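Undergrad: Okay, here's the prediction I keep looking at, along with the sequence it came from:
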Amino acid sequence: MVQSTGIRIKEFYIPPFTVDKGETLIIQLPNGLPFTELLFMLVDILTGREKADSVVVKEDFQFAKHITETGWTRIFRPLTVGRYIKDAANPDSKVPNAIYELTDIKPTTKIKRLGGNQRKLLSLLTAFSWTNNIIFDLVGVDPVGGQKAYDLVKEQIGNTGIAILVDNYDDFKDDCTKFVKFEMVPA
């Protein structure tokens, strides 16, 4: 469960909300340049890495990370889907292996060959290997991939998990349990 009496980040304010098991909350942030910075600041608050007096988080949350490769390893030893799952997923969970059923990729497929939709599904399944309380975004996916990711999340949380989608569109506004839109406040 998450309970907030309102979150202020710079000149942006996210109104009060609560979210309980089985619910999907969408937090709409502004589009454009501020989105990424606000997204990661908000994720830090909702995962408990950053303390905020106005937020009580009673469950552990996992953020579905953006999958990227950096440094020389991407050239000399490119990351594969199988190795990513081995490194990032809970070794006791079979959930990430569902990626092979949902898409046409294999364990030997290189991450750099994946499109945004496939990367997002892989990231979500990896996060779900740890918990069914998840925070995610839809950065880098097209509308079809966004719908597929959203449907996967709803299926995975069931009645016992919590999903928080941080987005800059309101595409799923009528399909979520709760919807909160940012407000601009004086700095």
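TA: Happy to help now that I have it.

Undergrad: Buried residues of the top helix by length along the chain, list them for me.
TA: In the chain, with assignment by DSSP state H, the single longest helix is helix 143-157. Neighbour-count burial for helix 143-157, with 16 or more other CB atoms under 10 Å as criterion, is recorded at Gly145, Gly146, Gln147, Lys148, Ala149, Tyr150, Leu152, Val153, Gln156, Ile157. For glycine as for every other residue, the C-beta is placed from the backbone atoms N, C-alpha and C.

Undergrad: Need the nearest residue in space to the first one, chain neighbours excluded.
TA: Going back to what we said before, that points to Gly145. If the residues on either side of it in the chain are set aside, Gly145 comes closest to Asn117, at 3.0 Å by CB to CB, 6 or more residues apart in numbering.

Undergrad: mind checking pLDDT for the one you found?
TA: At Asn117, the predicted lDDT confidence score is 97.

Undergrad: Surely it and Tyr150 touch.
TA: No - using CB atoms under 8 Å, Asn117 makes no contact with Tyr150, being 11.8 Å away.

Undergrad: my read: Leu79 touches Gly71, true?
TA: No - Leu79 lies out of contact with Gly71 (CB under 8 Å); the separation is 10.8 Å.

Undergrad: higher neighbour count, these two?
TA: Using other CB atoms under 10 Å, the more surrounded residue of Leu79 and Gly71 is Leu79, with 17 against 7.

Undergrad: pLDDT on stretch 2-13, on average?
TA: 94.

Undergrad: And the contacts of that stretch?
TA: With CB atoms under 8 Å, 6 or more residues apart in numbering as the test, stretch 2-13 has contacts from 14-19, 25, 29-30, 34, 38, 41-42, 45-46, 52, 54-59, 61, 162, 164, 182-187.

Undergrad: In it, which residues are buried?
TA: For stretch 2-13, by 16+ other CB under 10 Å, it's Val2, Ser4, Ile7, Ile9, Phe12.

Undergrad: what's the answer for stretch 82-94, then?
TA: In stretch 82-94, the ones that count as buried by 16+ other CB under 10 Å are Gly82, Tyr84, Ile85, Ala88, Ala89, Asn90.

Undergrad: That's all I had, so thanks and see you.
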